[in-house]
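[1] model this:
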Amino acid sequence: MKKRHIIHVDMDAFFAAIEERDRPELKDKPIVVGADPRRGKGRGVVSTCSYAARKYGIHSAMPISIAYKKCPECIFLPVDFEKYNKVSSQIVEILGSFSPTLEQVSVDEAFLDITGTYKFFGTPHETCLKIKERISKETGLTASIGLAPNKMAAKIASGLKKPDGLVEVKEEDLASFLEPLDVGLIWGVGPKTKKELNRMGINTIGDLARRSEDELISLFGKNGAWFREVSHGIDESEVVTGHETKSISNELTFDEDTADQRLIEKELAALGELVADRLREEKTKARTITLKIRLEGFHTYTRSATLRESTNFTEDMIRTVQKLYENFEIKERKVRLVGVRASNLSLADEPDLFRAKPSARTEALHKAIDKIKARFGKSSISRASSK
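    Residues are numbered from 1 along each chain as shown. Prediction:
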C-alpha cells in the first residue's frame, strides 16, 4: 500500500486572531469572541478566545457569563461571521494550491492529502513549512499543522504544539506517538465515553490498544472496533473533497426568557431572512424548514415542514416558520432560544419537473436585494414588519 502523507491544518484561535490582526491595539490582550456578556448576565457562549484569555481558564463553548466571571477585564467582541468566512476562503485557496485533495472540516480547519503533490515543494515536512509561510504572509495569521500517515494521527498532532506548531509523525513512529496520549483525543470519544473508559482503567491510547477487540465491541458496539483500530494507528479514511452542505441554520438566544409574542415573531422573521440569504449565497434551495424552540428550563423542541417546492425566497421561509410557530403549544411558558434550519437542499439551478417556475419579477427582486447587501452589508436593507 502506498505511503500516505496527510496534513491537518488548524488555525490558531481563529476568530480572536483575526480581530487582533485587524486591531493591533488588542495584541497579546485577553480577547473573547462571542455573545455579549452583559456584566455576567449574558446568555450565549464563547465562540473562541485568544491564548491570553485561555490563561484565565476560558475556552470555546463556555457560557459567556462564566467567561465574564473568570475575567471581567477581558475584551469581549461580537462574532463577525462575514469577515471570518472571507479569511477562511482565502486560506482554503492557499491550501488548494498545494493539493487538490482538500477536505474543509470547518471554518478554521482542513485536511490535505499531499501524497501525490509534495514533491513539487520538497519533502512532506518542507511542504508543511511552505503552507505555514504562505498563510502567515498572505493572511497575517498562524496555523498549527499535523503531518501523519492518516487523518486521525494528523488531527491529534496538529493540536499538540499550539500555537504556530508543526508536528510530524512518521509511519514507523505511530505506535510510540499514540501510546502515551490521552484517550480523549480519539475521534468519537466524547466526555461520557471517556469517563467510561477511565472507569475501566483506560486513560491513554496505549491502554486502549492493550484491550481486546471483543471486549471493546461488547461495550461500545461498532465504535469499539473503531477505537481498537485507531489505538493501533490504523485509519484508512480518505480525505474527502467537495463536502455537500446538508443544512443551513441560524439561532438566537434572548437576553432574558420572554413571553413577548411580537418579539419572538420578529426574531423568527429575522432568522428566516438570514437563512434565506445564506441559501441564495450558496446557490441552493431547501425543501424542509425546521423551527427550533428552547423554553425556560432548557426544554428544547423542533417542528418541521416539508414543502411541495424547494425555495430560497425570504417570504416563503418566514411564512413557513410563522405557521410552525403558530401551531406550537407554548402554554404561557417563556422562550429562551429560537432557531430556523433549512435542509433537504438542492442546487438552485437544478431542474425540478414538479417545481413551478418562480416569476421573473420575484427572482429579480431577490437578486437586487442580494446585490445591495453584498455591497453595503447585510444590515443595509431588511424586510419591513407586517405588524
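
[2] quick one: the strands in this structure?
    With DSSP state E, the ranges of strands along the chain come out as 6-11, 31-34, 46-49, 75-77, 102-106, 109-113, 143-148, 166-168, 247-258, 284-295, 300-311, 335-347.

[3] what mean pLDDT does the second one have?
    Mean pLDDT, taken over the full extent of strand 31-34, equals 96.

[4] Would you pull up how far it lies from the middle of the chain?
    Centroid separation between strand 31-34 and its chain, computed with CA atoms, centre = their mean, to the nearest Å, is 16 Å.

[5] so what does it touch, helix or strand wise?
    helix 14-22, strand 46-49, helix 51-54, helix 64-70, strand 75-77 (3 or more CB pairs under 8 Å, 6 or more residues apart in numbering; DSSP states H and E). Backbone N, C-alpha and C define where each C-beta goes, glycine included.

[6] just the ones you listed: most buried one?
    Compared across the helices and strands packed on strand 31-34, strand 46-49 shows the largest average neighbour count, a mean of 25 (mean count of other CB atoms under 10 Å).

[7] outside of that one, which residues touch it?
    13-16, 30-34, 58-64, 67, 74, 79 (CB atoms under 8 Å, 6 or more residues apart in numbering).

[8] Can you say which of those are buried?
    Neighbour-count burial (16 or more other CB atoms under 10 Å) applied to these gives 13-16, 30-34, 58, 62-64, 67, 74.

[9] can you put the helices and strands packed on strand 31-34 in a markdown table and add mean pLDDT and distance to Val92?
    What follows is the helices and strands packed on strand 31-34, written out as a markdown table (pLDDT from 0 to 100; distance: least, CB to CB, whole Å):
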| stretch | mean pLDDT | distance to Val92 |
| --- | --- | --- |
| helix 14-22 | 97 | 13 |
| strand 46-49 | 95 | 18 |
| helix 51-54 | 97 | 24 |
| helix 64-70 | 96 | 29 |
| strand 75-77 | 97 | 24 |
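
[10] Just send the ones you listed back as a markdown table, with distance to Glu265 too.
    Formatted as a markdown table, those follow (distance: least, CB to CB, whole Å):
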| stretch | distance to Glu265 |
| --- | --- |
| helix 14-22 | 31 |
| strand 46-49 | 27 |
| helix 51-54 | 36 |
| helix 64-70 | 26 |
| strand 75-77 | 29 |
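
[11] Which of the ones you listed sits closest to Arg278?
    Judged by CB to CB, the one of the helices and strands packed on strand 31-34 that comes nearest to Arg278 is strand 46-49, at 17.5 Å.

[12] Direction included, what does that closest one pair up with?
    Applying DSSP bridges to the sheet, strand 46-49 is found paired with strand 31-34 (antiparallel).

[13] okay, the strand it pairs with in CSV with CA atoms only?
    The C-alpha coordinates for strand 31-34 follow below in CSV (Å, rounded to 0.1, in the frame of the first residue of the first chain):
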residue,chain,number,x,y,z
ILE,A,31,-9.9,38.6,23.8
VAL,A,32,-13.2,36.7,23.9
VAL,A,33,-15.3,36.5,20.7
GLY,A,34,-18.9,35.5,21.3
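
[14] Of all the helices and strands packed on strand 31-34, which one is nearest Ser212?
    Using CB to CB, the nearest of the helices and strands packed on strand 31-34 to Ser212 is helix 51-54, at 38.7 Å.

[15] So which residues make contact with the closest one?
    By CB under 8 Å, 6+ apart, helix 51-54 touches Asp12, Ala13, Ala16, Asp28, Lys29, Pro30, Ile31, Val32, Ala67, Cys71, Cys74, Pro163.
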